[in-house]
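A.B. asks: predicted model and sequence below, questions to follow.
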Protein chains: 2
Amino acid sequence: MAESNYRIKTIEWQGDEVVMIDQRVLPLEEEYIHHTTWQEVADSIRTMVIRGAPAIGVATAMGMALAAMQSNAEDYQSLRADLDAAAQGLFETRPTAYNLGWALDQMKKIYGEPGEPGEIRARMKERSQEILEEDIAMCMAMGEHAAPLFPEGARILTHCNAGALATGGYGTALGVIRSVFRRDPSIHVYVDETRPFLQGARLTAWELQQEGISCCLITDNMAGYFFKKGEIDAVVVGSDRIAANGDVANKIGTYTVSVLAREHGVPFYVAAPTSTVDLGVPDGDHIPIEERPTEEVTCMMDTQVAPHGIAVCNPAFDVTPHENVAAIITEAGVHREPYTESLAEAKKGKD
Amino acid sequence: MAESNYRIKTIEWQGDEVVMIDQRVLPLEEEYIHHTTWQEVADSIRTMVIRGAPAIGVATAMGMALAAMQSNAEDYQSLRADLDAAAQGLFETRPTAYNLGWALDQMKKIYGEPGEPGEIRARMKERSQEILEEDIAMCMAMGEHAAPLFPEGARILTHCNAGALATGGYGTALGVIRSVFRRDPSIHVYVDETRPFLQGARLTAWELQQEGISCCLITDNMAGYFFKKGEIDAVVVGSDRIAANGDVANKIGTYTVSVLAREHGVPFYVAAPTSTVDLGVPDGDHIPIEERPTEEVTCMMDTQVAPHGIAVCNPAFDVTPHENVAAIITEAGVHREPYTESLAEAKKGKD
């Protein structure tokens, strides 16, 4: 298990630099980007060098630690002002990712109270590393909780990338698949390519290939075909934000998969850390949905495919209503309807 | 109306050459390919220079006429042997398109009975032109039948390209949209990009833009999002083959759209000429589904996006069960459940 963890280094500290694998050029190139300022980290979040809610949380924490290190402030008030500005800048990068705000809150616990600047800097860096390690441990716990839910030889559909690359390592939905695979190497995974950004084709397919897990890449609109043929036994996806009632925001297309799963009597599972659960949001209607640039739809790898000047919609996420969700798996366990109760229970004692 | 017809020349005779617009390079380039042999036509069908069931039917008929003109045969038996070989070659290009076989049958009615070679050649060319003209007339009739089904200001989703480019001209599903638009210019069309071959992004978006019809391009996996928001009032798609019971084979992803439409109480219409209805096939399970090359999924405009060596599935079509179809519109009228009866009625007196 440790091996599968450490094969993919999504994000890490190297000295005082934050290093991320550039997910935009995977799977054909493996390049690493070094960050020394929070602004560079914000850019990397915005341009999807790094993506996936938990990974964005880790990057945000590390970005805040960089902001502390960048700041020349010698007194608490000046440091605080610099950090508040950085927090605001990081917050605006991706509006749907709840872990981003969660990570900012974690860091604010350190710098929110007056203290000695040098000590605050050190503690922020330390805490960002802890968040990374906790994230990996949480993914592994999710895998352990979820693995028994899957039948022998399960054929599992996943959408987008909720893998090692979307987290500190191991992955949420793909961490579950890794844990199922450790018990039962005969599983097979259908990978939705996940337009427009192709996280499935580029990242999930790559991770599964690296692990030697049997898989098959399909376009998003083929999922229904395989459901109808009875070739999908379960679905597992990650999430960017989960409302108190169990409504799940995740990559655009997830809702359609959930409708297909219900239509065909296939269980639809969501794997996400409790930090993704936002009890302050009563239901999915209150989750803001990020609209991304039109070029993601009209261009394929920098080649224009649609007519010039065509109108485009590009919502990056959709909301799957809790009725379509068979279970939500967090590091705390397997949660089922009524989610208002089970998720509140899961969050108890968590920040 | 005549104008919208003649704006897009999908396929036509120019002297003794068959000229097709190259649909692989649209919408950024407008190139025309000239064919003087049936083998060139077969290649163009196989490589999707031309696609769409009715257009393939027209191309097949014209390809057979070219085969007759190519043949040096001076007696009927030799000509017949050449034409049988051409028919076989054309038949193998796209296994799901029923109109292909239908067009071959039409031509065989001419050369199946002994006759004078010169006369057979002339009649085959004439008949292929008639098939083109009949196809356009049928599309217009479908539009007239279907237009009253749509509410004022309808927001209509379509998948793939069942447009002028998929037919002799005007289009089946897109012909319906053209007819609705003539009555009510306030309509809006959601265009599924239609992976992997992007017929929606490249062709449907282009046709709608040319007509000045308000539209918005989305990735296939966004349709569910707009259904859920209540922003889609009706769906209309074409078909590659319709079984006797009303099961509809169409571009991969159509089935998923039909499930979403039913889930949200939105009518799902299919527009296709009666030549697409195959009474010899009892239901969708008996329709062969073409599997296309993996590169269509792993490469975007010649750029590899997925890991090298990844396994891929690429079924080109799926089957929408008749339960999900609100009505099938042919040139004969609007047909509803029970389709076994209404389609048999529609086919009466047709070849």
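C.D. replies: Structure's in. What do you need?

A.B. asks: the residue in the stretch 1-150 of chain A that chain B sits nearest to is in what secondary structure piece?
C.D. replies: Nearest residue of the stretch 1-150 of chain A to chain B: A:Pro27, at 4.1 Å (CB to the nearest CB). C-beta: built from backbone N, CA, C; applies to glycine. Following DSSP states H and E, one finds A:Pro27 outside all helices and strands.

A.B. asks: correct me, but A:Lys350 touches A:Ser275?
C.D. replies: Yes - if you go by CB atoms under 8 Å, A:Lys350 and A:Ser275 touch, sitting 7.4 Å apart.

A.B. asks: those two - which one has more neighbours?
C.D. replies: Comparing A:Lys350 with A:Ser275 by other CB atoms under 10 Å in any protein chain shown, the one with more neighbours is A:Ser275, at 26 against 14.

A.B. asks: just checking, the more buried one is part of a strand?
C.D. replies: No - read with DSSP: H, G, I helix; E, B strand; the rest coil, A:Ser275 is helix and lies in no strand.

A.B. asks: need the three-state assignment for the residue nearest to it when sequence neighbours are not counted.
C.D. replies: Distances taken as CB to CB, 6 or more residues apart in numbering or on different chains put A:Trp102 closest to A:Ser275, at 4.6 Å, once the chain neighbours are dropped. Under three-state DSSP, A:Trp102 falls in the helix class.

A.B. asks: show me what from the stretch 251-351 of chain A comes close to chain B.
C.D. replies: Contact residues, the stretch 251-351 of chain A versus chain B (CB under 8 Å from any CB of the partner chain): A:252-253, A:255-256, A:259-260, A:263, A:297-298, A:300-301, A:303-315, A:318-319.

A.B. asks: take those and keep only those in helices.
C.D. replies: Within these, residues falling in helices by DSSP state H are A:255-256, A:259-260, A:263, A:297-298.

A.B. asks: number of residues surrounding A:Glu40?
C.D. replies: 18.

A.B. asks: average pLDDT across stretch A:31-41?
C.D. replies: The pLDDT scores in stretch A:31-41 average 98.

A.B. asks: my read is that the residue of the stretch 1-150 of chain A closest to chain B contacts B:Pro307, right?
C.D. replies: Yes - when contacts are counted by CB under 8 Å, A:Pro27 is listed as touching B:Pro307 (4.1 Å).

A.B. asks: between the two, which contacts overlap?
C.D. replies: By CB atoms under 8 Å, 6 or more residues apart in numbering or on different chains, A:Pro27 and B:Pro307 have these common neighbours: A:205-206, A:209.

A.B. asks: helix or strand: which one has A:Gln209?
C.D. replies: Counting by DSSP H and E, A:Gln209 is found in helix A:205-211.

A.B. asks: just the CA trace of whichever helix or strand comes after that helix, in CSV.
C.D. replies: Heading C-terminal from helix A:205-211, the first helix or strand you meet, by DSSP H and E, is strand A:215-218. Output of strand A:215-218 as CSV, limited to C-alpha atoms (Å, rounded to 0.1, in the frame of the first residue of the first chain):
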residue,chain,number,x,y,z
CYS,A,215,-9.3,-0.4,-17.0
CYS,A,216,-10.9,0.9,-20.1
LEU,A,217,-11.2,4.5,-21.2
ILE,A,218,-14.6,5.7,-22.6
